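Asks: Structure for this input, please:
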Amino acid sequence: MPETRCALYQRTSLADDDGPDKGLERLRRHAQAKGFAIVEELSDSRPRPHHERPEFKRLKELAASDQIDVVVTTSLSRLFPSVRVAVKVWDEWLERDVGLIALDDLIDTTSTAGRQQMRTAVKTLADMDRQRHAEATQCGLIAESLRRKGQYRGGHVKAVVDRLEVIELANMGLSYRAMVKEIKKRGGQISYGTLYRAVQDLIEAGKIDRALREERAQEISDRGGRPRKQAS
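Replies: Take a look at the predicted model:
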């Protein structure tokens, strides 16, 4: 039976007084107790922005190139920089049959029960993240609507547009670019990306009829790009 190849990964912060060596030693002892062959020991030990974690990038490369069978780390929060990254990377590792052991979280996906536990945890996190994103987007739209009316005194938000305007324009079948232009003509402001996310969230919430939107978009295309006039 071939040896199980593993990579050790940890990320330390300014609050960690012991430095990277003690953390790696703990991971090393666990891997040796399991009989794993350690391929690489990786540590992002300096505070960096999430996109500047070279050792985490290296870890993903090892998994993608089938050089390791399992990742041993201290905790999911130290391994993944965000919920979205966790969901994406874990899905990729599942496809490649790369296991994950997170000591502090008592997660070990090298067993069938552990894999199911991780699937459940990631699905829950993904659902929570989608819900949080949907609520944040809708709150931003509502806040900007109030600000336009002089009733909002909060901080910066990404869009100046009424939520009902987004629903109205989407149900007319306008493209995203056409919606952005129409919102600007009405005195509002929204980026293409924020509008796209808002529409997708509103479709999921049942506020925008996807089938109606697609039908009217086809009508606009058939008329050479001219939207149907709305009844006054």
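Asks: Poorly predicted segments of this structure, please.
Replies: Scanning the chain for pLDDT under 70 picks out the ranges 1, 13-20, 46-52, 124-162, 225-232.
Asks: Tell me how this protein divides into domains.
Replies: Following automatic domain parsing, one finds the domains of the chain at 5-110, 131-222.
Asks: how near is residue 55 to residue 118?
Replies: 22 Å (CB to CB, to the nearest Å). For glycine as for every other residue, the C-beta is placed from the backbone atoms N, C-alpha and C.
Asks: And those two? Which one has more around it.
Replies: Each of residue 55 and residue 118 has its neighbours counted (other CB atoms under 10 Å); residue 118 has more, 22 against 16.
Asks: In a helix, that one, correct?
Replies: Yes. Counting by DSSP: H, G, I helix; E, B strand; the rest coil, residue 118 is part of a helix.
Asks: How about the contacts made by the nearest residue to it once chain neighbours are set aside?
Replies: Excluding the flanking residues, the one nearest residue 118 by CB to CB, 6 or more residues apart in numbering is residue 109, at 4.8 Å. By CB atoms under 8 Å, 6 or more residues apart in numbering, the contact set of residue 109 is 99-101, 115, 117-118.
Asks: Quickly find the element holding the spatially most central residue of the chain.
Replies: Taking CA atoms, centre = their mean, the centroid of the chain lies closest to residue 84, which sits 2.4 Å from it. Applying DSSP states H and E as the criterion places residue 84 in helix 83-95.
Asks: other SSEs contacting the helix or strand hosting residue 72?
Replies: Using DSSP H and E, residue 72 maps to strand 70-73. The contact analysis (3 or more CB pairs under 8 Å, 6 or more residues apart in numbering; DSSP states H and E) places strand 70-73 against strand 5-11, helix 19-34, strand 99-102.
Asks: Check which helices and strands the last one sits against.
Replies: With contacts defined as 3+ CB pairs under 8 Å, 6+ apart, the packing partners of strand 99-102 are strand 70-73, helix 76-79, helix 83-95, strand 107-108, helix 112-148.
Asks: If we use 10 Å, what do you get?
Replies: Applying 3 or more CB pairs under 10 Å, 6 or more residues apart in numbering; DSSP states H and E, one finds that strand 99-102 contacts strand 5-11, helix 19-34, strand 70-73, helix 76-79, helix 83-95, strand 107-108, helix 112-148.
Asks: May I have the strands that pair with the following helix or strand past the second one, each with its orientation?
Replies: When you say that, I think you mean helix 19-34. Next in sequence after helix 19-34, counting helices and strands by DSSP H and E, comes strand 37-44. Strand pairing for strand 37-44, determined by DSSP bridges: strand 5-11 (parallel).
Asks: Show me how far the partner strand is from its chain's centre.
Replies: 23 Å (CA atoms, centre = their mean, to the nearest Å).
Asks: What separation is there between the closest residue to residue 42 other than its chain neighbours and residue 85?
Replies: Sequence neighbours aside, residue 55 is the residue nearest to residue 42 in space, at 3.9 Å (criterion: CB to CB, 6+ apart). Residue 55 sits 14 Å away from residue 85, going by CB to CB.
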